[in-house]
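Enquirer: What follows is a protein structure lacking sequence information:
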Ligand code: IPM
Ligand code: MG
C-alpha cells in the first residue's frame, strides 16, 4: 500500500516522541511491504517561530495533500503562556485543524494492560474487575467553538464562552458511539449535565432517538459529575462513553489516568470519510522536554490508530499494540510509569517489581517495542490467532 502521512511534531516532548513513532511506522512499513511517504510540517510554537503563525498555510496544504495526519503536541510552558509565541497556541493550531478538516469525533481508548495493575493509581481489586473503555468525544461543538467574548460591563470585567449544540452534531457523535459499542461489549453510556444545561437536554433527547437504530446496544444516561466519580470507583462498568467536547476533554484525562499515565493513551480524530488526525491526548509537557525521558507509547499507539482507521491496516495496528503490550509486560518502564523500588520494598502486594522493572528513556522504550515487533511471529506467541494473520500479511 502506498500512502502519505503528514507528521506534525509540534512543541515540547512532541518532537522527541514523534521521532520514535516515525521509527515504528517505518519499521512496520518495511515489515509489511508498504510505502509510506512521511512529510514533516510545523505546528504550534515551532511554527510560530518559523512562520509567525501557529498553523501556517504550508502546514494546512501539507495536511490537505496527505492521507492522514500524525500530530504530536503543542503549547508552551505555563509561565510563558502570555508571550506571543504561546498565546492562544492550542486554539490557533489544534482547534483550527479540527475545525478545518471537520474532525467531528474523537476516540480515546483507555485500558489497564494485563499484569500492569501495579502502575494504576487505583486499588488492585478495582482494577482486577477489568478496565477497558473507549471515550467517544464530540469535537466541534460546545464552548470550544462558541463565541468568546470579554469586556467590562458597568465597571465589572466579564468573560463569556458560548456553548451550543445542534442536533446534527449530537447525532454524529451518537452514531459514532453506538457503532463503536457494537464492535465492543455493546454498552453505551451517554454523559451529560441534563439536570442543569439546555444543550445537555438536547444531547440526551437526540442520543435516545438515535438509539432506536441500535437495539442491540444497551444505552444508559449518566450525569457528568457522577461519571467522574464512577470512573474512579468502578471503571469496569464502562464500555463506550459518548459525551460532549468539554466533558470529553475532562473525562478522557481521568480515564487516561487509570492505566497509570497519560503517556500510555492514544487518540483518533475522524471525519465521516476516514480521514483522520492522530495524537496523544497529553500535552507538550515542557517540564520534561529535551531530557529524553518522555514516554513515546502514546505517540506510537496514535500511529497504530492511524494505520487502523485511516489506512484500514488492522493487522499492522494490532502488531504495534501487541508489541507495546509485550514490552510493558517485559518490564520496560519510562519514568512516568516506573514504580520506585525503594517505595515498594515493604509492599508485599508488589513482590515481582523488584525483578522485572527496567527504567528506560524515550529511545530505550521504542527499542524494546521494536524488538517485540521483530519477535512477534516467534513460535512461543500466546496469541495464535494474531500470529497467523501476521504471517499471512507478510506473504
Ligand atoms: C486535548 C487537549 C486539547 C483539548 C487542548 C490542547 C486544546 O486538552 O486534546 O484533550 O482541550 O481538546
Ligand atoms: Mg485534554
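Expert: Okay, I see it. None of the values given here were measured: they were computed from a predicted structure. Ligands and ions are numbered 1, 2, ... in the order given.

Enquirer: Show me what from the chain comes close to ligand 1.
Expert: For the chain, the residues in contact with ligand 1 (Cβ under 6 Å from any ligand atom) are 90, 94, 95, 249, 281. Yep, even glycine has a C-beta here, placed from its N, CA and C like the rest.

Enquirer: farthest-separated two in these?
Expert: Among the residues of the chain next to ligand 1, the pair separated by the greatest distance (Cβ to Cβ) is 95 and 281, at 14.1 Å.

Enquirer: And the two? Which one has more around it.
Expert: Comparing residue 95 with residue 281 by other Cβ atoms under 10 Å, the one with more neighbours is residue 281, at 22 against 17.

Enquirer: Surely residue 15 is within a strand?
Expert: No: in this structure, residue 15 is helix, not part of a strand, as judged by DSSP: H, G, I helix; E, B strand; the rest coil.

Enquirer: hang on, the earlier thing: return the member of the residues of the chain next to ligand 1 nearest to residue 123.
Expert: Within the residues of the chain next to ligand 1, the smallest distance to residue 123 is 24.3 Å, found for residue 281 (Cβ to Cβ).

Enquirer: And the pLDDT at the closest one?
Expert: At residue 281 the predicted local distance difference test score is 89.

Enquirer: so what's the backbone phi/psi at it?
Expert: Backbone dihedrals for residue 281, given as degrees, to the nearest 10, come out at phi -80, psi -10.

Enquirer: I'd say it and residue 298 touch.
Expert: Yes: checked against Cβ atoms under 8 Å, the pair residue 281 and residue 298 is within contact range at 7.4 Å.

Enquirer: Overlap of the contact sets of these two?
Expert: Taking Cβ atoms under 8 Å, 6 or more residues apart in numbering as the contact rule, residue 281 and residue 298 both touch 262, 265, 266.

Enquirer: you'd agree the second one is up against residue 301?
Expert: Think residue 265. Yes: in terms of Cβ under 8 Å, residue 265 counts as a neighbour of residue 301; the distance is 7.3 Å.

Enquirer: Mutual contacts of these two, please.
Expert: If you check residue 265 and residue 301 against Cβ under 8 Å, 6+ apart, the residues they both contact are residue 280.

Enquirer: any idea which helix or strand carries residue 201?
Expert: Under the criterion DSSP states H and E, the helix or strand holding residue 201 is helix 198-211.

Enquirer: Contacts for that helix next, please.
Expert: Contacts with helix 198-211, where a contact means Cβ under 8 Å, 6+ apart, come from 142, 163-165, 167, 170-171, 174-175, 177-178, 188, 190, 192-194, 217, 219, 221, 242, 244.

Enquirer: May I see the buried residues of the very next helix or strand once past it?
Expert: Helices and strands here follow DSSP H and E; after helix 198-211, the next one along the chain is strand 218-223. With burial defined by 16 or more other Cβ atoms under 10 Å, the residues of strand 218-223 counted as buried are 219, 222, 223.
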